[in-house]
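Peer 1: Need coordinates for the below:
(chains A, B, C and D)
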2 protein chains.
Amino acid sequence: MAEALDVVRTRSAFLVLREAFYGATRFEEFAQRTGLSEPVTAARLHELTDARILEREPYQEPGQRTRRLYRLTQKGSELLPVLVALMQWGDRWEQDGGARVEIRHHGCGAPVTAQLRCTEDHAVPGDELDLAPRGRAPRTRGR
Amino acid sequence: MAEALDVVRTRSAFLVLREAFYGATRFEEFAQRTGLSEPVTAARLHELTDARILEREPYQEPGQRTRRLYRLTQKGSELLPVLVALMQWGDRWEQDGGARVEIRHHGCGAPVTAQLRCTEDHAVPGDELDLAPRGRAPRTRGR
DNA sequence: AGACTGACTTAGGCATGTCTAAGCCAGGTA
DNA sequence: TACCTGGCTTAGACATGCCTAAGTCAGTCT
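Peer 2: Predicted coordinates for the structure are as follows:
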């Protein structure tokens, strides 16, 4: 899980990723929205691109020079449940201020949450979960 | 979401939290399993306790002095979907080595995943999601 | 009483993350 | 041609994260 951790570990990487999900594509968009300095923004965009979480593509607006935009790859998009789960938890438990983000199903408009399901499609509460790390006895946690 | 980020941000905090889910309760268990040094382990346990993600409780084994054990609070337990989503992504995309953790439904034995669902109980793929940030992130330069 | 042990704390140091300030470069505009 | 602008890179400094080594302290065992 080392790489997964790296992606979310630093504040800056997380913010860049979050803005990618919100729809940022240009360098300056990332820098402004995240509030990060330009060097850090550049470094994170490179790292995320190297990790194939973002990809770069040249584009050109009329009367403008060619530029590069950054967009999420498939691998990057699949981090969405992590982000959603984090936001959800923050909204529920964080003291200062309520929800900052609305997450809704585009089709039906209903709010979206990240939840645990088994492949038999049962909703799985925390105390019905077996977490079995390599080599150790399974333990049930929760509540 | 600042606090949610803090919880997962540093490597050490994440590892401590992960071991709490795996079932660690004693100081030395945390230190050994995470591989963190004692000072860092102590600092993270304190911070997580202050954040009410863990709670301490004195206990005593026969013939032993009283000790404290650390366990997840309700608030802490609800971080589980975040962890599961991260592990799942890591197992799917990480190069070196396959799945390190098995996550199963205790009742039926089926593997568990974190997935996005709306309150109408539709499974929500990434491209059917409306992410609408309410109010832009303030520029927080200078920490 | 004195040694032992688990659970920490303190001190000091290197590595990493982030910042500001300044510079560079390519392409379009005047 | 010279200038301007977006998109970076470089340099230097400070803050934080993590480490090792060593010390402290409360209770148990002999």
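Peer 1: Which stretches in chain A count as strands?
Peer 2: A:54-60, A:66-72, A:101-105, A:112-118, A:129-133, A:139-140 (DSSP state E).
Peer 1: For the closest residue to A:E29 other than its chain neighbours, give its distance to A:E47.
Peer 2: Once flanking residues are discounted, A:E29 sits nearest to A:E19: 7.2 Å by C-beta to C-beta, 6 or more residues apart in numbering or on different chains. Where C-beta positions appear, they are placed from N, C-alpha and C, glycine not excepted. Counting by C-beta to C-beta, to the nearest Å, the gap between A:E19 and A:E47 amounts to 15 Å.
Peer 1: More neighbours: which of the two?
Peer 2: Neighbour count, other C-beta atoms under 10 Å in any protein chain shown: between A:E19 and A:E47, A:E19 has more, with 22 against 17.
Peer 1: Tell me where the model's unsure across chain A.
Peer 2: Along chain A, the parts satisfying pLDDT under 70 run over A:1-2, A:60-64, A:95-100, A:133-143.
Peer 1: Now do the same contact list for the residue nearest the centre of it.
Peer 2: Among the residues of chain A, A:L83 comes closest to the average C-alpha position under C-alpha atoms, centre = their mean, at 3.9 Å. Taking C-beta atoms under 8 Å, 6 or more residues apart in numbering or on different chains as the contact definition, A:L83 lies against A:17-18, A:21.
Peer 1: nearest to B:C118, of the strands of chain A?
Peer 2: Within the strands of chain A, the stretch nearest B:C118 is strand A:101-105; the backing value is 3.7 Å (C-beta to C-beta).
Peer 1: Give me the residues contacting the closest one.
Peer 2: Judged by C-beta under 8 Å, 6+ apart, the contacts made with strand A:101-105 from elsewhere in the structure are A:84, A:87-88, A:91, A:110-113, B:1, B:118, B:120, B:122, B:124, B:128-134.
Peer 1: which of those are close to DNA strand D?
Peer 2: Within the set of those, contact with DNA strand D (C-beta under 7 Å from any atom of the strand) is found for no member.
Peer 1: which bits of chain A sit near DNA strand C?
Peer 2: For chain A, the residues found near DNA strand C under the criterion C-beta under 7 Å from any atom of the strand are A:9-13, A:35-40, A:43-44, A:60, A:63-66.
Peer 1: on that earlier part again, output the strands of chain A as CSV; include the columns mean neighbour count.
Peer 2: Shown next, in CSV, are those (neighbours: other C-beta atoms under 10 Å in any protein chain shown):
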stretch, mean neighbour count
strand A:54-60, 13
strand A:66-72, 15
strand A:101-105, 19
strand A:112-118, 21
strand A:129-133, 19
strand A:139-140, 14
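Peer 1: Figure out which of those strands is closest to A:E78.
Peer 2: A:E78 lies closest to strand A:66-72 among these, at 9.1 Å (C-beta to C-beta).
Peer 1: so does the closest one get close to chain B?
Peer 2: No. Between strand A:66-72 and chain B, judged by C-beta under 8 Å from any C-beta of the partner chain, nothing touches; the nearest distance is 8.8 Å.
Peer 1: Each with direction, which strands does that strand pair with?
Peer 2: Its sheet considered, strand A:66-72 pairs with strand A:54-60 (antiparallel) by DSSP bridges.
Peer 1: Tabulate the strands of chain A (CSV), appending distance to B:V101.
Peer 2: Rendered in CSV, the data for the strands of chain A read as follows (distance: least, C-beta to C-beta, whole Å):
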stretch, distance to B:V101
strand A:54-60, 27
strand A:66-72, 25
strand A:101-105, 26
strand A:112-118, 14
strand A:129-133, 5
strand A:139-140, 12
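Peer 1: Of all those strands, which one is nearest B:L5?
Peer 2: B:L5 sits nearest to strand A:101-105 of all these, at 13.4 Å, using C-beta to C-beta.
Peer 1: State the separation between the closest one and the centre of the chain it belongs to.
Peer 2: 14 Å (C-alpha atoms, centre = their mean, to the nearest Å).
Peer 1: got the CA coordinates for it in CSV?
Peer 2: Once non-C-alpha atoms are left out, strand A:101-105 reads as follows in CSV (Å, rounded to 0.1, in the frame of the first residue of the first chain):
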residue,chain,number,x,y,z
VAL,A,101,-18.7,19.7,-0.8
GLU,A,102,-21.8,18.2,-2.3
ILE,A,103,-21.5,14.9,-3.9
ARG,A,104,-24.5,13.8,-5.8
HIS,A,105,-25.5,11.1,-8.3
